[in-house]
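**Student:** My questions concern the predicted model and sequence given below.
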Amino acid sequence: MLDPAELFNPEPHLESDEYPQPDGERPTLLITLGGYGDAGEAQELIGRQLSERLANHKLGTFDIDQLYDYAGQRPQIIFDRDHITDYQKPEIALHKVTDDAGAGFFWLSGPEPALQWERMIASIEHVMDGFDIGRVLILQAVPAPTPHTRPIHVSGFASDPVLLGDRDGLPGTFQMSSPFIGPLTLRLGEHGKDVIGLAAHVPYYVAESGYPDAAIALLQQASSVSGLALPSDGSLAQSSETVNQTIEQRVTASAEAQQVVARLEQQYEQYMSHRQITPRANVPTAEEIGAEVEEFLKGLDDGDQPTD
């Protein structure tokens, strides 16, 4: 393996006082590496909220050319008639952030690494040791058979199940394709690092659109787990109201969508009452949803949502 320490490039302005004092509480590293676990654009919305509402500055970046698959996920350019005016280079960056109560924490954001996972994990661990980070908190969102008319359910995972306390995990044992955070949690746990992951369950019929309720739920749960004062109000809450109104209008206009939502509501109540997964046969498939819900989804993607 190439030297993991060389993946991280600190900013020139990085000063010695960026590092925690010996007597201070060991800070938290918040991770929102988008892509695989960004249903409802939750991580993107969280990133916007943190950037706009909390004091923050960049400490450094990871070498994107070593980690990113440009052909698999092509970056955007701006083309003006006969020339290119801008290239939106992807970036995996580490920020120092101050929460609403004045407490400092670290935030790692950007696209999910596509290459050199083991080296990237070792590099993150190197950064954690350098900044004396005591805990990692991963935020993500996944599409789920849950209705938009009920509170967002947030499940958890951890390097050590004891860290979850009373929080729900997934009900059972599964084998699945892994995102980057899978081996990240495993490897850091093997090396004695505390990792807690929170996953918001986003209604699958809005998973490809911006869904502020998921970001709000994750920020609130992250505050509860970490003790950080993370903002979930303001423009994010206003966007939530507008998006939910749009969804409700489209569901009301479709009898088939109403039936799907009613079925999901019943499943949700069963799950929350018994904390056990409902039979797979009761989970609606894409075929059951039909053309009406497809039109519903298209409507959400066609610009009915607010922009900041």
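**Tutor:** Sure thing, it's come through. Numbers count the residues shown, from 1 in each chain.
**Student:** so where do the strands sit in the stretch 1-150 of the chain?
**Tutor:** 8-10, 28-34, 55-62, 77-80, 83-87, 92-98, 104-111, 135-144 (DSSP state E, counting those that start in this stretch).
**Student:** quick one: strands adjacent to the fifth one?
**Tutor:** To tie it back to what came earlier, the one meant is strand 83-87. strand 77-80 (antiparallel) (DSSP bridges).
**Student:** same check, this time on the shortest one
**Tutor:** Strand 8-10 sits in its sheet next to strand 55-62 (antiparallel), going by DSSP bridges.
**Student:** Distance from the chain centre to the strand it pairs with, please.
**Tutor:** The chain centre lies 18 Å from the centre of strand 55-62; the measure is C-alpha atoms, centre = their mean, to the nearest Å.
**Student:** That strand versus strand 104-111: what angle between them?
**Tutor:** Using axes from the mean of the first three to the mean of the last three C-alpha atoms, to 10 degrees, the direction of strand 55-62 lies 50 degrees away from that of strand 104-111.
**Student:** Give me the buried positions along strand 55-62.
**Tutor:** 56, 59-62 (16 or more other C-beta atoms under 10 Å). In short, each C-beta sits where N, CA and C put it, glycine included.
**Student:** ok, those residues vs Thr98, which is closest?
**Tutor:** Nearest to Thr98 among the buried residues of strand 55-62 is Asn56, at 7.2 Å by C-beta to C-beta.
**Student:** ok, that closest one - contacts?
**Tutor:** With contact taken as C-beta atoms under 8 Å, 6 or more residues apart in numbering, Asn56 is in contact with 50, 95-98, 107.
**Student:** from these, which would you call buried?
**Tutor:** Buried among these (16+ other C-beta under 10 Å): 50, 95-97, 107.
**Student:** Identify, by residue count, the longest helix of this protein.
**Tutor:** Determined from DSSP state H, the single longest helix within the chain is helix 255-274.
**Student:** Can you mark which positions in that helix are buried?
**Tutor:** Going by neighbour count (16+ other C-beta under 10 Å), the buried part of helix 255-274 is 256-257, 259-261, 263-264, 267-268, 271.
**Student:** what packs against it?
**Tutor:** Counting by 3 or more C-beta pairs under 8 Å, 6 or more residues apart in numbering; DSSP states H and E, the packing neighbours recorded for helix 255-274 are helix 235-252, helix 286-301.
**Student:** need the least confident one among these, by mean pLDDT.
**Tutor:** Mean pLDDT per stretch puts helix 286-301 lowest among the helices and strands packed on helix 255-274, at a mean of 51.
**Student:** Please report how far the residue nearest to Ile92 when sequence neighbours are not counted lies from His83.
**Tutor:** Excluding the flanking residues, the one nearest Ile92 by C-beta to C-beta, 6 or more residues apart in numbering is Gly110, at 3.4 Å. Shown here: Gly110 relative to His83, a distance of 28 Å by C-beta to C-beta, to the nearest Å.
**Student:** Look at those two and report which has more neighbours.
**Tutor:** More crowded of Gly110 and His83, by other C-beta atoms under 10 Å: Gly110, with 22 against 7.
**Student:** In the contacts of Asn56, find the pair that's most separated.
**Tutor:** Put simply, by C-beta to C-beta the two of the contacts of Asn56 set farthest apart are Leu50 and Lys96, 11.6 Å from each other.
**Student:** Quick check: neighbours shared by those two?
**Tutor:** 56, 107.
**Student:** residues touching the nearest residue to Leu163 once chain neighbours are set aside, list them.
**Tutor:** The spatial neighbour of Leu163 that comes closest, neighbours along the chain excluded (C-beta to C-beta, 6+ apart), is Ile196 at 5.3 Å. Neighbour list for Ile196: 135-138, 156-159, 163-164, 225 [criterion: C-beta under 8 Å, 6+ apart].
**Student:** and Asn9, what does it touch?
**Tutor:** So Asn9 contacts 60-63 (C-beta under 8 Å, 6+ apart).
**Student:** can you list those residues in TSV and add pLDDT?
**Tutor:** TSV is the format used below for those (pLDDT from 0 to 100):
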residue	pLDDT
Gly60	96
Thr61	97
Phe62	98
Asp63	98
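**Student:** ok, these vs Met1, which is closest?
**Tutor:** Using C-beta to C-beta, Asp63 is the member of these that sits closest to Met1, with 14.2 Å.
**Student:** Under the pLDDT cut-off, which ranges of this structure? List them.
**Tutor:** Counting by pLDDT under 70, the chain contains low-confidence ranges at 15-24, 275-308.
**Student:** Swap in 80 and give it another go.
**Tutor:** Counting by pLDDT under 80, the chain has low-confidence residues at 13-25, 35-37, 170-172, 274-308.
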